[in-house]
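> Here is the input, now give the coordinates:
(2 chains)
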Amino acid sequence: MSVGKVTFTKVEREKLAEVLWLLNWISVVTGAILLGMGLFLKMEIQKWQEVMSEQGVLYVPHMLITTGLAACGINFLGGKICLDCADTNKFLRWKLVMMPYVICTFFFTACILAGALMCYNIRSELEESLFLGLRYSMLYYKDTDTPGRCYLKRMLDLLQIHFQCCGNTGYKDWFQIQWISYRYLDLRSMAVVDRLRNNVEGKFLMDSVPFSCCSPLSPRPCIQQQLNRPLAHFNFDQQSQHLNLWRKGCRQALLDHYTIIMQSISLIVLLIWLFELLVLTGVRYLQTAMENVIRVGDPESESEGWILENSLAETARSNFNIIKNLGKCYQVDNDPNINVPAMIAEQEIHSEQVQVQRTS
Amino acid sequence: MVLLKMKFNQQRRVRLAQGLWLLSWLAVMCGAFIFCLGVYLKTELLRRNEVMENTEIHVVPNILMLVGLASIGTNWVATRVCQDSLDASRFPRWKVLLLAWFVVAALLCCLLLAVVVLSYVLQGRLEESLKVGLRNGIRFYKDTDVPGRCFQKETIDRLQMEFRCCGNNNFKDWFEVQWVSGRFLDYTAQEVKDRIRSNVDGRYLLDGVPFSCCNPASPRPCLQYHLTDNRAHFNYDYLSEDLNLYSRGCRQALTDYYMGLMNSTGPGVLSVILIQISVILSLRYLQTAVEGAMALENPEGDSEGYILEKGVKETFEEVKVKVLTMIKLAQVDPEGVPDEAEAEKAADTAAEKAASPTPAS
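Residues are numbered from 1 along each chain as shown, chains lettered A, B, ... in the order given. Sure thing, here's the model as predicted:
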């Protein structure tokens, strides 16, 4: 009992082949779109890769890029095959390739779905990576004379200005690290020495933030120092405090930015997956219809196309048997050099004797 | 003496019509490109509208948009003419329109050239406009509670951060303006009182700049206040510190940006002018060749195409005479038709008189 059986006349087969040729070319374009999206995502991640602690997130754009390239190749081949399938003679050329092609395309379509789901699920891993990366960047903010870290100050300032954020979770994160280098601290001054002594680890901690945390939306010039003592500044009320600095943490800002990109990409990839599935179904129908035409022998007659020849359970069982028997093919051999276990050898001799008795 | 004569047989005429049809569609796309260029330039200028005092520079994108639209229409008409050119029954209806078409197309080319020239000439005016606009912006920076000026602080801050510049000419412009509002000054504090007293106008001037002047590329945290006092900061020398703030002035930064935009569009506009000129010349050849062919007994035979029937000087004289006659007719018209008839009769009799004595002599 076939799954999804449809009868095709000759005209219908030719029309199906034409339509599939066109759809395959559209799929090449969508494959290029997939490639483009993968490259875009890779560029976006690499722009701010210094605030990510590990580059594990890069496997998502790499997956998209490889799937896009594969889509272009597979659908280009599919287009050629479908164009030839309209004619029975030309189909014979592709007969042996068709089945592997359909299976390949099926697995490849599954890869597209996996890519879409990966995009969707990346959030928690990204959050962890951003938390650690931002913490290290803030720790090394002051090390503008250490090679390998000298660019972190500039990058963090530009990040805070561009994404309108301050610190990891909020602006108070800057109070817990020393972000002013010793090179610019007058270690002879009493105020500086007092502050260093007040801290357990001898770090110069202040309740102040870098200039890049300042918000241009504030009606008053930016207040960066003595943020824990609002009375130290004239007329620094709640409203002014709220508008003075960026309130959002950079981890949240970056997470939102990447989540929006990844969600829109995953939506587009899902649509492409549905389209590929449609093309795959069409190619399967075309393949089975053409094979049946050849089996019948008359190129002008009607033929049947299906998705699976037998029902789902029977196909699964037969495939499972094929895979099982792949391993068994050498055990029935009569090669004397192979060490055959005694019981099976006895059974064979017994069956041979029975045969000899029958013939004689 | 015909200008640039060329022979056309039927096949060449057909090729010319087809090639010109393609070229005209290319010119339509170029017109769309010019329009989009104008729109882009206009949006960029409008974005920074608040720091420009006048809108004289807007004439460049305005002309570009106008020429773009007109060029789309004109070249679309050229494609229709090409399509009808090989059909003897449909081509004559374009005869009258073609003269007007040539005038319009030549005008478009002149306007495009004018745009290229204007974009260089108006640089000085742009700088002036920016100078005044930025000066006002810096002056009203503190007035975040005055309606009509409350946006200046945000505009100037964002501008300085985006274009990496500080002040009008440089950061010292901030020393001459009170940019901290009186609402946030504690007038009872001694320091504030001293500063206000030491200034003639009673303004609170300080040697400090807003945070938006800070350069992220500086190795040390940004120093915004007491900039001229070397002792106020550790390991600081006012004269040799060049990375702390942005060194460029915003007027220079904005002028460079807009001049860069207009210069980069220069080659595009020049190539569109070339394409338009080649469309004009090819259409002239097609028109004369097809008209010549239609006048022949055998429409499929060879004909000549040219740019001008007579030489440049003679054509110019003819055009001058025509224009003068039209002006004279326009002047004579209000007095009524009989006068016109009398004038014609007088001209005829004069011509007869001139003609009759000759056979006698």
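
> hey, which helix is longest across the chain?
You didn't pick a chain, so chain A it is. As assigned by DSSP state H, the longest helix anywhere in chain A is helix A:250-296.

> Not quite, go with chain B.
As assigned by DSSP H, the longest helix anywhere in chain B is helix B:250-295.

> now for it, which elements pack on it?
Packing partners of helix B:250-295 (3 or more Cβ pairs under 8 Å, 6 or more residues apart in numbering or on different chains; DSSP states H and E): strand B:6-8, helix B:10-47, helix B:59-85, helix B:95-121, helix B:123-139, helix B:152-163, strand B:303-305. To be clear about C-beta, it is placed using only N, CA and C from the backbone, and glycine gets the same treatment.

> gap between it and the chain center?
Centroid displacement of helix B:250-295 relative to its chain, using Cα atoms, centre = their mean, to the nearest Å, is 13 Å.

> How many neighbouring residues does residue B:282 have?
By other Cβ atoms under 10 Å in any protein chain shown, the residues close to residue B:282 number 19.

> Is it in contact with residue B:15, as I believe?
No - between residue B:282 and residue B:15 there is no contact under Cβ atoms under 8 Å: 11.0 Å.

> Distance check, residue A:158 against chain B.
5 Å (Cβ to the nearest Cβ, to the nearest Å).

> Isn't that residue up against residue B:217?
No - using Cβ under 8 Å, residue A:158 makes no contact with residue B:217, being 9.3 Å away.

> what's around residue 215, how many residues?
Unless you meant another one, I'm taking chain A. Residue A:215 sits with 17 neighbouring residues when counted by other Cβ under 10 Å.

> not what I meant, chain B
Neighbours of residue B:215 under the rule other Cβ under 10 Å: 17.

> nearest spatial neighbour of it, skipping sequence neighbours?
Spatial nearest neighbour of residue B:215, excluding adjacent residues (Cβ to Cβ, 6 or more residues apart in numbering or on different chains): residue B:246 at 5.3 Å.

> One more: residue B:166?
Nearest residue to residue B:166 in three dimensions, chain neighbours excluded: residue B:213, at 3.8 Å (Cβ to Cβ, 6+ apart).

> For residue B:254, which of the helices and strands packed on helix B:250-295 is the nearest?
Set against residue B:254 and scored by Cβ to Cβ, the helices and strands packed on helix B:250-295 come closest in helix B:123-139, at 5.4 Å.

> in the chain, which residue is closest to the centre?
In the absence of a named chain, this looks at chain A. By Cα atoms, centre = their mean, chain A has its centre lying nearest to residue A:60, at 3.1 Å.

> wrong chain, I was asking about chain B
Note: chain B centre (Cα atoms, centre = their mean) maps to residue B:60, 2.7 Å.

> From chain A, how far off is that one?
According to Cβ to the nearest Cβ, residue B:60 stands 30 Å off from chain A.

> okay but that residue is in contact with residue B:41, surely?
Yes - counting by Cβ under 8 Å, residue B:41 is a contact partner of residue B:60 at 6.6 Å.

> Report the set of residues contacting both of these two.
Shared contacts of residue B:60 and residue B:41, defined by Cβ atoms under 8 Å, 6 or more residues apart in numbering or on different chains, comprise residue B:262.

> Write out the residues of the stretch 51-200 of chain B neighbouring chain A.
The stretch 51-200 of chain B comes close to chain A at residues B:144-145, B:150, B:153-154, B:157-158, B:161, B:179-181, B:183-186, B:189, as judged by Cβ under 8 Å from any Cβ of the partner chain.

> and the residue of the stretch 1-150 of chain B found nearest chain A, how far is that from residue B:155?
For the stretch 1-150 of chain B, the residue closest to chain A is residue B:144, as judged by Cβ to the nearest Cβ, at 3.8 Å. Distance of residue B:144 to residue B:155, computed by Cβ to Cβ, to the nearest Å: 11 Å.

> hang on, the earlier thing: please identify which helix or strand holds the residue nearest to the residue nearest to the centre of chain A when sequence neighbours are not counted.
Using Cβ to Cβ, 6+ apart and skipping residues adjacent in sequence, the residue nearest residue A:60 is residue A:118, 5.4 Å away. Assessed by DSSP states H and E, residue A:118 sits inside helix A:88-121.

> For that helix, give the mean pLDDT please.
The average pLDDT for helix A:88-121 rounds to 85.

> Kindly spell out which helices and strands sit in contact with it.
Counting contacts by 3+ Cβ pairs under 8 Å, 6+ apart, helix A:88-121 is packed against helix A:59-85, helix A:250-296.

> residues of stretch B:243-262 that come out buried?
Residues B:244-246, B:248-255, B:258-259, B:262 are the ones in stretch B:243-262 that count as buried (16 or more other Cβ atoms under 10 Å in any protein chain shown).

> What mean pLDDT does that stretch get?
94.

> residues touching residue B:79, list them.
By Cβ under 8 Å, 6+ apart, the residues touching residue B:79 are B:21, B:24, B:25, B:28.

> So what's the residue count around residue 316?
Went with chain A since none was named. Look at residue A:316: counted by other Cβ under 10 Å, it has 12 neighbours.

> meant chain B, my bad for not saying
Burial of residue B:316 is recorded as 12 neighbouring residues (other Cβ under 10 Å).

> Next: the one 10 residues further on.
Around residue B:326 there are 10 other residues, counting by other Cβ under 10 Å.

> Would you mark the buried spots in the helix or strand hosting it?
In this assignment (DSSP H and E), residue B:326 forms part of helix B:312-332. By 16+ other Cβ under 10 Å, helix B:312-332 has no buried positions at all.
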